[in-house]
Every structure is written in C-alpha cells, then in structure tokens.
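Undergrad: coordinates only, sequence not included:
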C-alpha cells in the first residue's frame, strides 16, 4: 500500500528530538496512530513541516529518523499539536504484534 498499510491506534510514549539547528528541542510525545510508513503523534509544541526528527525510546529500536509532513493544532485551549511523521525507513518500529495482514514483509 502506498501509505504504509493499515493504521493501528496505539499509545507509545517517545521522546521527539529535532535535528534542525534553528529549532532544537527534545520533548516527550505520544504516538497515537502507526503504520509501516509513519505515525501520528501528539506533541506539546508545534513543529515546522519538513523538520527532520528522531524518535527515541521506541519498543524495537533506540532511535528512528523521520520527517514532519503535517502539524495541526488540536485547539487553542488544548496546547497540543498533532504531528504526521514519515519514517525515513519503513518498518514495524512500533513493536506492534500481531501485525495486520497488509503489513506482511516478505
């Protein structure tokens, strides 16, 4: 599938770290939706589209690189943003088991 297969709801706490020297940060975030190509994460701060980030503390690896493809405010009183992240290398870095049928990696 073009979008990385079925999206799985989840709650995976991570640390999101910016690799952009103009906007360095490291913030706790929560992955709330995941597939092979990327994820949706709740963030306590907005992040510029195109920013390269590292996801630290995932169940299967210590660090995974991704790029921010969307950043949406969840409301002016929420103080949370929804980030759409595209993984640099697709895969089940989330440790989700059993995997959906369309996640088959032959």
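TA: Thanks, I have it. Note that the coordinates shown come from a computational prediction; the quantities given were computed from them, not determined experimentally. Numbers count the residues shown, from 1 in each chain.
Undergrad: starting at the chain centroid, how far to stretch 82-90?
TA: Shown here is stretch 82-90, whose average C-alpha point lies 5 Å from the average C-alpha point of the whole chain (Cα atoms, centre = their mean, to the nearest Å).
Undergrad: buried stuff in it?
TA: The neighbour-count check on stretch 82-90 (16 or more other Cβ atoms under 10 Å) flags 82-85, 87 as buried. All C-beta spots, glycine's among them, are computed from the backbone N, C-alpha and C.
Undergrad: in a markdown table, list the residues you listed along with secondary structure and pLDDT.
TA: Formatted as a markdown table, the entries for these read as follows, by DSSP: H, G, I helix; E, B strand; the rest coil; pLDDT from 0 to 100:
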| residue | secondary structure | pLDDT |
| --- | --- | --- |
| 82 | strand | 98 |
| 83 | strand | 98 |
| 84 | strand | 98 |
| 85 | strand | 98 |
| 87 | strand | 97 |
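Undergrad: and of those residues, the nearest to residue 35?
TA: Proximity of those to residue 35 was ranked by Cβ to Cβ; the top entry is residue 87 with 9.3 Å.
Undergrad: name whatever forms a beta bridge with that closest one.
TA: For residue 87, the beta-bridge assignment (DSSP bridges) gives partners residue 66.
Undergrad: residues in contact with residue 60?
TA: Neighbouring residues of residue 60 by Cβ atoms under 8 Å, 6 or more residues apart in numbering: 92-95.
Undergrad: and of those, the nearest to residue 41?
TA: Proximity of these to residue 41, judged by Cβ to Cβ, is greatest for residue 94, which lies at 11.4 Å.
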